[in-house]
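> Quick one: sequence plus predicted model below, questions after.
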Amino acid sequence: MSYSGGRILLSSQREGQVSRFRAWVMLAVPLAAILFQVYVPLFFQFLGFLEMPLLVVVYFALMRRSQIHGLLIGALVGLAQDSLSKNPLGMFGIVKTLVGYFSASVGIRFDVDNGVIRLLLAFFFFVFHQFFYWIMSRALLGQQLAFELQRTLIIGLLNAVVGISLFHFLDKLRQSS
């Protein structure tokens, strides 16, 4: 492990490179994740814990390594998810925008092609997402929601494990340089 210009390098050839995706991938994958989030729990309730749009935002923000792209993908996915859910419009938009920004910021600094780092980041950003949604619900909507830390940590771990598989699949959709 060496330090160069404030970046932590972990011996990856592609580390530091911005990943490119075809336009259809950037449209179809978030749309599929949102539709998964809306419709799959109606038929398979045990999959209701999965936060696929969040995992997609984290992946694209990490791999694009651009805070502007992270903001945009987070805002678009969040607002689309809001429009299809019964939540007030803008709640997921705000939270996923922040997740996209911070994910891209992390992607700039670390080797995000490493599986362990991806697992930790998926877990961290799920917990961050849930915590910030809780804060926004209390501050903006005046709702007295309970933040169940133990449940959030367990579901975060499950989402992180699913995220690793999803990230591996999405890696295959990257454009080769």
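Looks like it arrived, so ask away.
> make it CA atoms for all contacts and neighbour counts henceforth
Noted.
> residue boundaries of the strands in the protein?
If you assign secondary structure with DSSP state E, the strands in the chain sit at 2-4, 7-9.
> Would you map the helices across this structure?
All helices of the chain, identified by DSSP state H, fall at 23-43, 52-64, 67-84, 91-109, 115-140, 149-171.
> Of those helices, which is nearest residue 17?
helix 52-64 (8.4 Å; C-alpha to C-alpha).
> what residues does the closest one touch?
Under the criterion C-alpha atoms under 8 Å, 6 or more residues apart in numbering, residues 18-20, 29-30, 33-34, 36-37, 67, 69-70, 73-74, 77-78, 81, 96, 99-101, 103-108, 112, 122, 125-126, 159, 163, 167 lie in contact with helix 52-64.
> measure residue 24 to residue 31 for me?
To residue 31, residue 24 is 10 Å away according to C-alpha to C-alpha, to the nearest Å.
> likewise residue 153?
Taking C-alpha to C-alpha as the criterion, residue 153 is separated from residue 31 by 26 Å.
> What about residue 116, how many residues nearby?
Taking other C-alpha atoms under 10 Å as the criterion, the count of residues near residue 116 is 11.
> actually residue 154, sorry about that
Burial of residue 154, expressed as a neighbour count using other C-alpha under 10 Å, amounts to 13.
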